[in-house]
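Engineer: A predicted structure for the sequence below; I have some questions about it.
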Amino acid sequence: MNERYPRVRVQTEDGYVVIRDGLTFRFFMHRSHKGLGPAVLRALKVFMEALGPEALTQYPDMEGYWHRLDDFTWERIQKELLETAHPFVTLASDSNGMSEFYFEYKGISHEELGPFDEPGRACIATFMLTTEYLEQHGPGRVRELALELASHLPLNSGYASLSFNAIMDELGVRRRVRSMCFRYPGMDVLEDLVAWDIGTRIPGAYWLTFLGQSVLGELGGTEILRARLSSPGTTVQQLPGDRAVVTLGQWPEAGDLEAGKDLPAYRELARVLEPWLYHDPGTVFVHDFIPEDKRRWERRFLD
């Protein structure tokens, strides 16, 4: 185990990786995708350039089978982001199981919400990379990458966090993630279905927590937020577009409740953000949580 986070590799008998430790950047935009295509494409290109040409090389077809990304498909993906109202784009590294590197974007149209869609539904962009990348390039470079991605997106909220990156539809994987997550409260397990009704709320307290409008305004702005956070290593940075990012220390931390590491800086931030934190109404968390455990997870930094 790294002193800051566990090394997680859960494999099937034939070596297929179903759970691995990683780092996730996720951004929520409570608006229609219309007009967002160029911004999302710029962010994707930044991510691909940072990872190198051999990272995001696979894409899934409509049946879920993976294929090698070629020039024709890349042109189709760009066109989908730029010209469709509900783009759904996935790219990943060629891996034996859970991908080391991953990108996913789901765009929606508020003008064309279906009968079961919530008015709080948001577009969501997800970027995943490995802790090996973090260790190789250092937390400063990874933070810079997260900020550069965020600079292209009109986000209402977002985060960068250590995470359990997992193939959730594999038998027993949800149960295994659930068995580990309560020990390591700094490891993200939030699923992207939260985008169905997050609106402008904040998904939680993380290593990097991005705040947009309307929450930052309701908090009183960057200076007021900075004055309310006193943990060593915590910084609050003003970003263009009336946004801010809170950074909890130089490195992301998983915590370890069995070792008494309960992440006090994360707890402090969660308490400040509590009135604006997202709470699942009962449809999003699907990690085999019973209602009591779901509430316990959501309030892991509050109780």
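Structural biologist: That came through fine.
Engineer: Output the contacting helices and strands for the strand ranked longest in the chain.
Structural biologist: Looking across the chain with DSSP state E, the single longest strand is strand 17-29. Counting contacts by 3 or more Cβ pairs under 8 Å, 6 or more residues apart in numbering; DSSP states H and E, strand 17-29 packs against strand 9-11, strand 123-130, helix 131-151, strand 157-166, helix 173-181. Bear in mind the C-beta positions are built from the backbone N, C-alpha and C, glycine included.
Engineer: so it versus strand 157-166, what angle?
Structural biologist: 170 degrees (axes from the mean of the first three to the mean of the last three Cα atoms, to 10 degrees).
Engineer: Strand 17-29 relative to strand 123-130, how many degrees between them?
Structural biologist: Here strand 17-29 points in a direction 140 degrees away from that of strand 123-130 (the same axes, to 10 degrees).
Engineer: need the next SSE after strand 17-29, C-terminal direction.
Structural biologist: Where DSSP states H and E defines the elements, the next helix or strand beyond strand 17-29 is helix 37-51.
Engineer: Just the buried residues of that following helix, please?
Structural biologist: Within helix 37-51, the residues that count as buried by 16 or more other Cβ atoms under 10 Å are Gly37, Ala39, Val40, Leu41, Ala43, Leu44, Val46, Phe47, Met48, Ala50, Leu51.
Engineer: okay if I get these as CSV plus pLDDT?
Structural biologist: Formatted as CSV, those follow (pLDDT from 0 to 100):
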residue, pLDDT
Gly37, 97
Ala39, 98
Val40, 98
Leu41, 98
Ala43, 98
Leu44, 98
Val46, 98
Phe47, 98
Met48, 97
Ala50, 98
Leu51, 96
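Engineer: Touching, Ser157 and Tyr206? I think so.
Structural biologist: No: assessed by Cβ atoms under 8 Å, Ser157 is found out of contact with Tyr206, at 10.3 Å.
Engineer: Quick check: bridge partners of the closest residue to Arg9 other than its chain neighbours?
Structural biologist: In space, and not counting its chain neighbours, Arg9 is closest to Arg20: 5.7 Å by Cβ to Cβ, 6 or more residues apart in numbering. Beta-bridge partners for Arg20, by DSSP bridges, are Arg9, Asn165.
Engineer: is it true that Arg20 touches Met98?
Structural biologist: Yes: under the criterion of Cβ under 8 Å, Arg20 makes contact with Met98 at 5.2 Å.
Engineer: Which residues are in contact with each of the two?
Structural biologist: Both Arg20 and Met98 are contacted by Asn165, Ala166, under the criterion Cβ atoms under 8 Å, 6 or more residues apart in numbering.
Engineer: Distance of the residue nearest to Glu218 when sequence neighbours are not counted relative to Trp251?
Structural biologist: Nearest non-adjacent residue to Glu218, counting by Cβ to Cβ, 6+ apart: Trp276, 7.0 Å away. Counting by Cβ to Cβ, to the nearest Å, the gap from Trp276 to Trp251 is 26 Å.
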